[in-house]
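In: coords below, sequence missing:
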């Protein structure tokens, strides 16, 4: 059996590297890495953020939420994972004129490498690596007292050995500030206030076109991103000290997922967080250092063990100025 044929078989089999490395629950389809929590604040609250998304992390959950941002924000985050996997996030967010905001973001996922072997199991002395990127531009605007609308344009790029594929996809979101639908002050004395309702549709028209051609063989495969639909609700209670959030998310290739979480403001800019991400326990904390002309925010999240992979730790840093 020729070396080229062996390499072609390896390429075909390893198209599903994310399914192996991220587990059957999240893997097995294009763009699976985007379902993994990478920002510490929402991750600590069970990943429930569609109905809030009022900071740079909102670009990953509901772009409509970033219209509420009033200061420039630089954010970076990293998720420590097992099995030689990497996941990171960097973004820059700018409030613009007329109650709107513009954001730029990059999500990076590394899947490690696999040794190339022939049909007899002999190591060929080389490896196949894979990584994936999402470069995006987000824009949101506050149109009515109760409505924000946002969109995110994504450029996806994936490498697998010496092969690569790219695609463009669109995310759409709206955020409804329910309190604004009532007369001014009506909701102030209610048990739950500052109610928000978020709706999103993600990965519209996105797909990876693969071509595994060699001298004597060729195969073409289009890996479509499953379109994702999400509904989120958030609100505040206990004198607005406790933020509670719940998300319901469904894509075209998986069953629905429910996420729930909360954030308690301990005052002095220290916050405690906890949640459930589709049955997985999460927890974390955050602290904001207030300076004269800027602020530094540090966030941490812990995600309990899943599918025998061990627990994960997420770290986030934001500069607000």
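Out: Yes, it's here. Keep in mind it's a predicted model, so treat the numbers as computed, not measured. Numbers count the residues shown, from 1 in each chain.

In: would you tell me which strand is longest in this structure?
Out: Looking across the chain with DSSP state E, the single longest strand is strand 123-144.

In: continuing past that strand, what's the next helix or strand?
Out: strand 147-160 (DSSP states H and E).

In: now the helices: where do they sit in the stretch 101-250 of the chain?
Out: In the stretch 101-250 of the chain, no helices are defined using DSSP state H, counting those that start in this stretch.

In: residue boundaries of the strands in it?
Out: In the stretch 101-250 of the chain, strands defined by DSSP state E, counting those that start in this stretch lie at 123-144, 147-160, 163-177, 193-204, 207-211, 220-224, 228-237, 242-251, listed in chain order.

In: please point out which parts of the last one sit buried.
Out: Meaning strand 242-251. Within strand 242-251, the residues that qualify as buried are 243-249, 251, counting by 16 or more other C-beta atoms under 10 Å. In short, each C-beta sits where N, CA and C put it, glycine included.

In: any low-confidence regions in the stretch 101-250 of the chain?
Out: Low-confidence segments of the stretch 101-250 of the chain (pLDDT under 70): 115-121, 212-220.

In: just send the strands of the stretch 101-250 of the chain back as CSV, with distance to residue 101 too.
Out: Output for the strands of the stretch 101-250 of the chain, formatted as CSV (distance: least, C-beta to C-beta, whole Å):
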stretch, distance to residue 101
strand 123-144, 5
strand 147-160, 8
strand 163-177, 12
strand 193-204, 15
strand 207-211, 29
strand 220-224, 30
strand 228-237, 18
strand 242-251, 20
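
In: among those, which is nearest residue 277?
Out: Minimum separation from residue 277 across these (C-beta to C-beta) falls at strand 242-251, 9.4 Å.

In: how far off centre is the closest one?
Out: 14 Å (C-alpha atoms, centre = their mean, to the nearest Å).

In: can you name the next helix or strand after it?
Out: Going down the chain from strand 242-251, the next helix or strand is strand 257-265, by DSSP H and E.

In: which residues does that following strand contact?
Out: Strand 257-265 is contacted by residues 41-42, 44-48, 240-250, 271-278, 282 when judged by C-beta atoms under 8 Å, 6 or more residues apart in numbering.

In: strands paired with it, and their directions?
Out: The strands that strand 257-265 pairs with in its sheet are strand 242-251 (antiparallel), strand 270-277 (antiparallel) (by DSSP bridges).

In: can you tell me what sits against the longest one?
Out: This means strand 242-251. Strand 242-251 has contacts (C-beta under 8 Å, 6+ apart) with 45-52, 192, 226-237, 256-265, 275.

In: next one: stretch 188-207 to chain centre, how far?
Out: On C-alpha atoms, centre = their mean, the centre of stretch 188-207 falls 15 Å from that of its chain.

In: any buried residues in that stretch, and which?
Out: For stretch 188-207, by 16+ other C-beta under 10 Å, it's 192-200, 202-203, 206-207.

In: repeat for stretch 76-85
Out: Under 16+ other C-beta under 10 Å, the buried positions of stretch 76-85 are 76-79, 81, 85.

In: mind putting these into TSV with distance to residue 126 and secondary structure?
Out: Output for the buried residues of stretch 76-85, formatted as TSV (distance: C-beta to C-beta, whole Å; DSSP: H, G, I helix; E, B strand; the rest coil):
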residue	distance to residue 126	secondary structure
76	33	strand
77	33	strand
78	29	strand
79	28	strand
81	24	coil
85	21	coil
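
In: which non-adjacent residue is nearest residue 281?
Out: Once flanking residues are discounted, residue 281 sits nearest to residue 304: 4.1 Å by C-beta to C-beta, 6 or more residues apart in numbering.

In: contacting residues for that neighbour?
Out: The contact partners of residue 304, by C-beta under 8 Å, 6+ apart, come to 280-282, 311.

In: make it 7 Å
Out: Counting by C-beta atoms under 7 Å, 6 or more residues apart in numbering, residue 304 makes contact with 280-281, 311.

In: so how far is residue 34 from it?
Out: For residue 304, the distance to residue 34 equals 21 Å [C-beta to C-beta, to the nearest Å].

In: go on, residue 163?
Out: Distance from residue 163 to residue 34, counting by C-beta to C-beta: 20 Å.

In: pick out whichever of these two has more residues nearby.
Out: Neighbour comparison, residue 163 and residue 34: the larger count goes to residue 34, with 22 against 16 (by other C-beta atoms under 10 Å).

In: quick check: the more buried one touching residue 136?
Out: No - if you go by C-beta atoms under 7 Å, residue 34 and residue 136 don't touch, sitting 10.2 Å apart.

In: what's the mean pLDDT across stretch 69-82?
Out: If you average the pLDDT over stretch 69-82, you get 93.

In: hmm, who's touching it?
Out: So stretch 69-82 is in contact with 38-40, 54-56, 87-95, 101, 309-310, 312-321, going by C-beta under 7 Å, 6+ apart.

In: buried ones among those residues?
Out: 38-40, 54-56, 87, 89, 91, 93, 95, 101, 312, 314, 316, 318-320.

In: let's see which of those end up in helices.
Out: Residues of those located in helices (DSSP state H): residue 40.
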